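Chemist: Predicted model and sequence below, questions to follow.
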Amino acid sequence: MNSNDIISYKCPSCASPLVYGVDGKLTCSSCGNTYEPEALQVLERSEVESEGFDWGDYTKKFENEKEVLENTSIYICRSCGAAIEADETLAATHCPYCDNEIILSDRLTGGLKPNAVIPFKISEKTLEDSVKNYFKNKPLLPSNFITTQKMSKIKGIYVPFWLFDSQIDGQMFFNGSKTRFYSDSSYNSTETKHYIIENDGKMKFSKIPVDASVKMDNDLMDAVEPYDYSELVDFNPAYLSGFFADRFDEDPGMSIPRAETRMNESAEAVFRNSVTGFDSLTLKSKNLKLTDSTVKYVLLPVYLLNLKYMGKNYRFAINGQTGKVVGELPISKFKKLLYYLAITLCGAGVIWSVLSLIHIL
């Protein structure tokens, strides 16, 4: 157990915990003073000791050290002295006893240090508006599905992502045809010519994201994109204060197939769309290879909300940079019945009345 592996950002004026805000500053909830993250970094022992994650160094030093990624550890809160149990992926959390904001520095330094981060841009007020707008105009949504009490359970978490840069080289072969219709004094004729088209090329890809957390739903993390990567900044642990954060537990090699699938789909669409002048076009074969792959380790902001309704768990994700909301919605059986009743009835006035009732319920 070690308290030296914990970073707690304290207000220099009153020693209360500091929390990172969407205005880009650390704010003290007690005295209201604000501080720039860079200014406080010099007060911490977690100075930049390396440039962060490097794929080659990781493979040599960490990939076979499974205990680094798999063991539960105990940390001591600097504020109240409580012992905090953390699983292998936790990187930032709150002390359950004194609610102090803590960052587990040993999981974010050296070869495990993220290369960059996109700080949270969406405030709690804006977040609530985004969620309400997502639920708006959903007439079959149960009325009691979302409440203020449930909204309070939303938590902001920095999710680990791999950003791949790569190149695709190769060929795609297509079967194409051109059809011509013509007539003479005796016949109406159709002439069809068939072709085999070879299309060679290469494409470069930059910052293809793949979430690096096993516990995160891949489809949900894909759907919450896109992010504006021009807002990536060098990693500073101060951005994590006040939020949860996870460290990667899926290495880059395991994530390459997902990145490759996304790049292949894009490349195939470009290759296909570049072949013009044919009446029909079908894929015959392809030979595409991924080359020159590099990766960066980044933390991206996501709000997560889990809601239970009628015994089923519904999970939502909100992009902490843009406010985009994604997730599955339940359907009220009663409202669904009223909806089909409205469709079945012929009278326009009756349909309007029933649909208005659905919105009220």
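Modeler: That came in fine, so what should we check first?

Chemist: Tell me where the stretch 251-361 of the chain has helices.
Modeler: If DSSP state H, counting those that start in this stretch is used as the criterion, the helices of the stretch 251-361 of the chain fall at 252-273, 333-344, 348-360.

Chemist: need the least confident one among the ones you listed, by mean pLDDT.
Modeler: When the helices of the stretch 251-361 of the chain are compared by mean pLDDT, helix 348-360 comes last with a mean of 49.

Chemist: Quick one: neighbours of Asn273, just the number.
Modeler: 9 (other C-beta atoms under 10 Å). Any C-beta I mention is one placed from the backbone N, CA and C, and that applies to glycine too.

Chemist: Counting neighbours, what do you get for Ser274?
Modeler: Around Ser274 there are 10 residues (other C-beta under 10 Å).

Chemist: Need the nearest residue in space to it, chain neighbours excluded.
Modeler: For Ser274, ignoring the flanking residues on the chain, the nearest one in space by C-beta to C-beta, 6 or more residues apart in numbering is Asn199 at 6.4 Å.

Chemist: tell me which element the one you found falls in.
Modeler: strand 188-211 (DSSP states H and E).

Chemist: Need the contact partners of the next helix or strand after that strand.
Modeler: Using DSSP H and E, the next helix or strand after strand 188-211 towards the C-terminus is helix 218-223. The contact list for helix 218-223, computed with C-beta atoms under 8 Å, 6 or more residues apart in numbering, reads Val159, Phe161, Asp211, Arg258, Val302, Arg315, Ala317, Val326, Gly327.

Chemist: closest to Thr190 among those?
Modeler: Arg258 (45.7 Å; C-beta to C-beta).

Chemist: Share the number of residues neighbouring the nearest residue to that closest one once chain neighbours are set aside, please.
Modeler: Counting by C-beta to C-beta, 6+ apart, the nearest residue to Arg258 once its immediate chain neighbours are dropped is Val210, at 4.8 Å. For Val210, the neighbour count with other C-beta under 10 Å is 23.

Chemist: can you check Asn199 too?
Modeler: The tally of other residues near Asn199 (other C-beta under 10 Å) stands at 15.

Chemist: Helices of the stretch 1-150 of the chain, start to end?
Modeler: Using DSSP H, counting those that start in this stretch, helices in the stretch 1-150 of the chain cover 37-41, 55-61, 66-70, 124-135, 148-151.

Chemist: between these, which gets the lowest average pLDDT?
Modeler: helix 66-70 (a mean of 51).

Chemist: between the contacts of helix 218-223, which has the most around it?
Modeler: Of these, with other C-beta under 10 Å as the count, Phe161 tops at 27 neighbours.
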